[in-house]
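Colleague: Can you look at this prediction? I've put the sequence above it.
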Amino acid sequence: MKGLSTILLLIVSNIFMTFAWYGHLKLQEMKVTTHWPLICVILLSWSIAFFEYSCQIPANRIGFSGNGGPFSLMQLKVIQEVITLIVFTVFTTVFFRGEALHWNHFAAFCCLILAVYFVFMK
């Protein structure tokens, strides 16, 4: 159960992270924040990132084997990176219609799958 909780929290965390890091670009494209000073955009992103950290830190605490969780630190990091790229890919293809997936992106995803395999290999 700790493994599932960790992964779900990491997914939610990465959704917030992606919106904090890249959502302002969509808002700018939509002419919402076009004339905002950079400090206001940064503060908006930080306010969203607060929720990212509110999920990321518990996920790492719950999932870390040093705290009774099922994952080593390396495994947590690789899981987090894979989730980040999946969430980012979905975000990019849904919100930024001009961005397309190409063969090299799929090749990179295959490499990530191999990374997960290798990090969990005994």
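Modeller: Nice, thanks for sending it over.

Colleague: all helices of the chain, in order?
Modeller: Along the chain, counting by DSSP state H, helices occupy 2-29, 38-63, 73-95, 103-120.

Colleague: Show me which residues of the longest one are buried.
Modeller: Same thing as helix 2-29. 6-7, 9-24, 27 (16 or more other C-beta atoms under 10 Å). Every C-beta, even on glycine, is put in place using the N, C-alpha and C of the backbone.

Colleague: And for the third one?
Modeller: Along helix 73-95, the positions that meet the burial threshold by neighbour count (16+ other C-beta under 10 Å) are 75-76, 78-80, 82-84, 87-89, 91-92, 95.

Colleague: same question, stretch 115-122
Modeller: For stretch 115-122, a neighbour-count test (16+ other C-beta under 10 Å) marks Val119 as buried.

Colleague: residues making contact with that stretch?
Modeller: With contacts defined as C-beta atoms under 8 Å, 6 or more residues apart in numbering, stretch 115-122 is touched by Met74, Gln75, Val78, Ile79, Glu81, Val82.

Colleague: Backbone dihedrals for Met121, please?
Modeller: Dihedral pair for Met121: phi -70, psi 140, per degrees, to the nearest 10.

Colleague: Would you quantify the distance from it to Ala115?
Modeller: 11 Å (C-beta to C-beta, to the nearest Å).

Colleague: Lys77 too?
Modeller: From Lys77 to Ala115 the distance is 10 Å (C-beta to C-beta).

Colleague: and what of Phe109?
Modeller: 10 Å.

Colleague: rewinding a little: could the helices of the chain go into a markdown table alongside mean pLDDT?
Modeller: Shown next, in a markdown table, are the helices of the chain (pLDDT from 0 to 100):
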| stretch | mean pLDDT |
| --- | --- |
| helix 2-29 | 93 |
| helix 38-63 | 95 |
| helix 73-95 | 90 |
| helix 103-120 | 86 |
